[in-house]
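Asks: fold the following.
(2 chains)
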Number of protein chains: 2
Amino acid sequence: MPFEPRAKVTFYNPHMVAALPSFPEAARAVYDYAAQLLAHAPRLERVPLQAATGRILARPIRADRDMPAFSRSTRDGFAVRAREASAGEWLHVRGSIRAGQAPAGPLPAVSAWEIMTGAAVPEGADAVAMLEHVESAHGENEASRIRLAHRRKLNGGENVVSAGAEAHAGEELVAAGSCLGCSQIAAAATCGYDKVDVFARPRVAILTTGDELVPVGETPGPSQIRNSNALMLAALVNQSGGDAWVLPVVRDESKAIASALQSAMQADMLLISGGVSAGKFDLVEPVLSQLGARFHFTGVRMQPGKPLVFGEIDRGGVVVPLFGLPGNPISSAATYLLFASAVLRGLAGVQQPAPHFAAAQLSREARGKPNLTRFIPSAVTSDPLSGELAQVAPVPWQGSGDLAAFARANCFIVVPEGTDRLAENDVARILPI
Amino acid sequence: MPFEPRAKVTFYNPHMVAALPSFPEAARAVYDYAAQLLAHAPRLERVPLQAATGRILARPIRADRDMPAFSRSTRDGFAVRAREASAGEWLHVRGSIRAGQAPAGPLPAVSAWEIMTGAAVPEGADAVAMLEHVESAHGENEASRIRLAHRRKLNGGENVVSAGAEAHAGEELVAAGSCLGCSQIAAAATCGYDKVDVFARPRVAILTTGDELVPVGETPGPSQIRNSNALMLAALVNQSGGDAWVLPVVRDESKAIASALQSAMQADMLLISGGVSAGKFDLVEPVLSQLGARFHFTGVRMQPGKPLVFGEIDRGGVVVPLFGLPGNPISSAATYLLFASAVLRGLAGVQQPAPHFAAAQLSREARGKPNLTRFIPSAVTSDPLSGELAQVAPVPWQGSGDLAAFARANCFIVVPEGTDRLAENDVARILPI
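Replies: Below you'll find the predicted structure:
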């Protein structure tokens, strides 16, 4: 077959690079798209709270009663009237209350009530003097007295959280669309949610294309490689809260690709790896077009990941978002993390589906390009005790197929388009892997 | 029972606060302890690669052949001799090779070989001219010629990754003790590991104490609260790679605590929530002492979390690390993340078990204390497109029992001991939740 330049080639003509959207333009389009997916209202599931970590809340968690439900001592010590205590008077200890006991009181004048952290403050008391801040005296008949240590003062309300000060009954504590981490789990538990309603995990089809690919368990021939992208993308999809569905590798042949795509469209979202570049066996885009797919963009001014395709396809009235990810694994991972993960989180019901960028200080410079946003595979380390910022440096790599280098990376340094270089010691934005 | 100051009270005397280790001292002790746990060699498990995400690698991943195994084109274009191409000569296209095909060649003089990304560079060629950088001409009989576009040059090696340039056969790509993320999964896949050896997850007993606690599914009486800590800690343990074992709540009574501890000691690690403060019903520490536990420290100059206890106990020759975490949920979560998680990761075989700190820019000031390192529950947000650093601000809170506030937090701002304040716009260290 003779070489025939395809119409598409001009698209990747470097003189035409400005015709592709910039990374911020493409990202804005994808994040807006992802945010409006919430309207789709994914299916709900009710799961036990202990199995809900990392799931996306479908109905808000609300306070079932005032928080705290009673005025609570935050210290071990003595419930008192702040005014009496601050006057330095000796106060008679009238009783003792521990966490879990019914509220005590009322507190007689010139008196104190021994109290433990978490216990209900007796009626009449308005503050708690910390155990460490009082002197005590023992009477003959085991009665005891306390007073504030020399020169100490106590304010009304000190070491007490009033009933309802944290939240009122019925108040929303965790919004629908939140990812349930330890603190949301704790809030749900304290409000009596032993089960929570979460969104079902979207099913994400992963279709890898390429004549060069053999399964991981097989020995590749000369010029062949193992299909690492499918398992890498499955790991990423599962980490983003999706349910990865890995289809068999499909050859670089239009009919095979069309048939595989028709299976894959049954999923909630479609990731296609490879076949989207400028080569003449990059057949994914033409086949998708034949199947009626619409494209939002078919390239982005970024490196790696320039040939990224973002579109959608209809399955009997249901819109299935799709990404054609470049076949090189680092390009695939970067474009997944920057774009596809946001759409997946949108489908999963996440309220803020865009990826989270972090910051770190460069321990080595990072070079940019005039017409591309760069995402440089890098390693970030933090000395937990130095007090210094996390340090990040690019890992030496041989291009976006270099899995040996990628295995040493844990983030990408972002070098915005037009930035010549980020210097050593600059604080840069990083995308965690 | 009359109030009797206990010997321990002096320990928490504010005048004695300097006798407690500082946060950096305590953290150093714990991180060193965690790092030496690797010597314990946890049990191995062999798991399918697709189920290995987040697990800790027990045996290194090594390259099974040179990477790449053949000189690989990184572009769609034409394999050429760089010298000939740079001279601007028309080169005869002698054939075409796509990814997965057996290596072609040798390349005749003044010739080019059409090549796709990922394909083996033919013998005799030393560079690949990108498709976008060449002009083509079609002969009458379908033969075609190409040359580099006007003024373009090509260097030897350009757009080619030589065999073995990424790694040599046998080279270690992922070290034992690494957590398997997407890039390590990809490296393992490309080297043919369809199963990997990982460390077994340590079993972590979670024992919550307190007369005030009722199970999450029950309605608390006045002055009672639901046991949110057990599920919160279970979520944290599972996230850190442990296998959480939640024991029933134990009352504030020495015999009950001793009996529960004897069950809990069967685990690989022990988390006890509550009962470690200065109150007279804080019985955990005395009971642990009776059972022969040794303590590394029983308090830290930090807020929240000052009453943290770190120790260990013997179970027939096996040393079981233990933490007594303060009962207030924010204190419990902070001390877990800062200390206990490191020991758990050490037990799990993680090579660098200390927690990872990140950086963010303060959008509101954060106040410090002279004698304590503060960890302030805060919310970090990043606008993925602004190009600005992640912004962080403390969440308003009513103290370390405020779960409503904690549910809005996703990190702690670290204010080192002796720092009066971190100002707005300062870049601070944060501990992600």
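Asks: can you show me the strands along the stretch 101-250 of chain A?
Replies: Counting by DSSP state E, counting those that start in this stretch, residue ranges of the strands within the stretch 101-250 of chain A are A:111-115, A:127-130, A:134-138, A:144-148, A:160-161, A:172-174, A:195-199, A:203-208, A:213-214, A:225-226, A:243-246.
Asks: between these, which one is nearest to residue B:94?
Replies: Between residue B:94 and the strands of the stretch 101-250 of chain A, the tightest spacing by CB to CB is seen for strand A:225-226, at 24.7 Å. Bear in mind the C-beta positions are built from the backbone N, C-alpha and C, glycine included.
Asks: hmm, who's touching that closest one?
Replies: For strand A:225-226, the surrounding residues in contact (CB atoms under 8 Å, 6 or more residues apart in numbering or on different chains) are A:212-216, A:218, A:220, B:68-69, B:118, B:189-192.
Asks: same for the top helix by length along chain A, what does it pack against?
Replies: Scanning chain A for the longest helix, with DSSP state H as the assignment, gives helix A:23-36. Applying 3 or more CB pairs under 8 Å, 6 or more residues apart in numbering or on different chains; DSSP states H and E, one finds that helix A:23-36 makes contact with strand A:294-297, strand A:309-315, helix A:341-347.
Asks: out of those, which one sits most buried?
Replies: Ranked by mean neighbour count, the helices and strands packed on helix A:23-36 are led by helix A:341-347 with a mean of 26 (mean count of other CB atoms under 10 Å in any protein chain shown).
Asks: C-terminal to that one, what's the next element?
Replies: strand A:358-362 (DSSP states H and E).
Asks: any idea of the mean pLDDT for that following strand?
Replies: Regarding strand A:358-362, the rounded mean pLDDT is 91.
Asks: can you list contacts of the following helix or strand past that strand?
Replies: Of the helices and strands lying after strand A:358-362 in sequence (DSSP H and E), the nearest is strand A:366-367. With contact meaning CB under 8 Å, 6+ apart, strand A:366-367 is reached by A:374, A:376, A:378, A:394, A:413, A:415, A:420-422, A:428.
Asks: of all pairs in those, which one is the farthest apart?
Replies: Using CB to CB, those span at most 17.9 Å, a distance reached by A:378 and A:420.
Asks: point me to the residue of the stretch 201-350 of chain A nearest chain B.
Replies: Nearest residue of the stretch 201-350 of chain A to chain B, counting by CB to the nearest CB: residue A:212, 3.1 Å away.
Asks: in CSV, list the strands of the stretch 101-250 of chain A along with mean pLDDT and mean neighbour count.
Replies: Formatted as CSV, the strands of the stretch 101-250 of chain A follow (pLDDT from 0 to 100; neighbours: other CB atoms under 10 Å in any protein chain shown):
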stretch, mean pLDDT, mean neighbour count
strand A:111-115, 95, 28
strand A:127-130, 96, 26
strand A:134-138, 86, 16
strand A:144-148, 92, 21
strand A:160-161, 96, 22
strand A:172-174, 98, 21
strand A:195-199, 97, 21
strand A:203-208, 97, 24
strand A:213-214, 94, 22
strand A:225-226, 94, 25
strand A:243-246, 98, 19
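Asks: so which of those gets nearest residue B:106?
Replies: Residue B:106 lies closest, by CB to CB, to one member of these: strand A:225-226, at 23.1 Å.
Asks: how far is that closest one from where the chain is centred?
Replies: The chain centroid and the centroid of strand A:225-226 are separated by 31 Å under CA atoms, centre = their mean, to the nearest Å.
Asks: quick one on the thing from earlier: including distance to chain B, could the helices and strands packed on helix A:23-36 go into JSON lines?
Replies: Converted to JSON lines, the helices and strands packed on helix A:23-36 look like this (distance: least, CB to the nearest CB, whole Å):
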{"stretch": "strand A:294-297", "distance to chain B": "16"}
{"stretch": "strand A:309-315", "distance to chain B": "15"}
{"stretch": "helix A:341-347", "distance to chain B": "8"}
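Asks: nearest to residue B:165, of those?
Replies: Closest to residue B:165 of those is strand A:309-315 (CB to CB; 29.0 Å).
Asks: residues contacting the nearest residue to residue A:171 once chain neighbours are set aside?
Replies: Spatial nearest neighbour of residue A:171, excluding adjacent residues (CB to CB, 6 or more residues apart in numbering or on different chains): residue A:63 at 4.9 Å. Contact partners of residue A:63, counting by CB under 8 Å, 6+ apart, are A:167-171, A:173, A:191, B:404.
Asks: pLDDT score for residue A:63?
Replies: Confidence at residue A:63, expressed as pLDDT, is 98.
Asks: again, but for residue A:188
Replies: pLDDT, read off for residue A:188, is 98.
Asks: and it, how many residues sit next to it?
Replies: Neighbours of residue A:188 under the rule other CB atoms under 10 Å in any protein chain shown: 28.
Asks: then residue A:64?
Replies: 17.
Asks: show me the contacts for it.
Replies: Residue A:64 touches A:169, A:191-192, counting by CB under 8 Å, 6+ apart.
Asks: most neighbours among those residues, please name it.
Replies: Counting by other CB under 10 Å, top hit in these: residue A:191 with 24 neighbours.
Asks: not counting its neighbours along the chain, what's nearest that one?
Replies: Among residues not flanking residue A:191 along the chain, residue A:64 sits closest, at 4.7 Å (CB to CB, 6+ apart).
Asks: make CSV out of the helices and strands packed on helix A:23-36 and add distance to residue A:113 and mean pLDDT.
Replies: Shown next, in CSV, are the helices and strands packed on helix A:23-36 (distance: least, CB to CB, whole Å; pLDDT from 0 to 100):
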stretch, distance to residue A:113, mean pLDDT
strand A:294-297, 67, 94
strand A:309-315, 65, 95
helix A:341-347, 51, 97
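Asks: re earlier: for the record, mean pLDDT for the longest helix of chain A?
Replies: Mean pLDDT, helix A:23-36: 95.
Asks: likewise stretch A:253-261?
Replies: 95.
Asks: what residues does it touch?
Replies: Contacts of stretch A:253-261 (CB under 8 Å, 6+ apart): A:207, A:209, A:247-248, A:250-251, A:270, A:272, A:275, A:283-284, A:286-288, A:290-291, A:313.
Asks: which parts of it are buried?
Replies: Across stretch A:253-261, burial judged by 16 or more other CB atoms under 10 Å in any protein chain shown covers A:257-258, A:260-261.
Asks: which residues does residue A:304 contact?
Replies: Contact analysis of residue A:304 by CB under 8 Å, 6+ apart lists A:326, A:328, A:330-331, A:334-335, A:375, A:400.
Asks: check what pLDDT it gets.
Replies: Predicted confidence (pLDDT) for residue A:304: 95.
Asks: picking that back up, pretty sure residue B:100 is one of the things the residue of the stretch 201-350 of chain A closest to chain B touches, is it not?
Replies: Yes - the pair residue A:212 / residue B:100 is scored as a contact, 3.1 Å apart, by CB atoms under 8 Å.
Asks: residue A:251 touches residue A:214, doesn't it?
Replies: No - Residue A:251 sits out of contact with residue A:214 when judged by CB under 8 Å, with a separation of 11.9 Å.
Asks: about what we covered before: could you dump the contacts of strand A:366-367 into CSV and include pLDDT?
Replies: CSV is the format used below for those (pLDDT from 0 to 100):
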residue, pLDDT
A:374, 97
A:376, 98
A:378, 98
A:394, 97
A:413, 97
A:415, 96
A:420, 95
A:421, 96
A:422, 97
A:428, 91
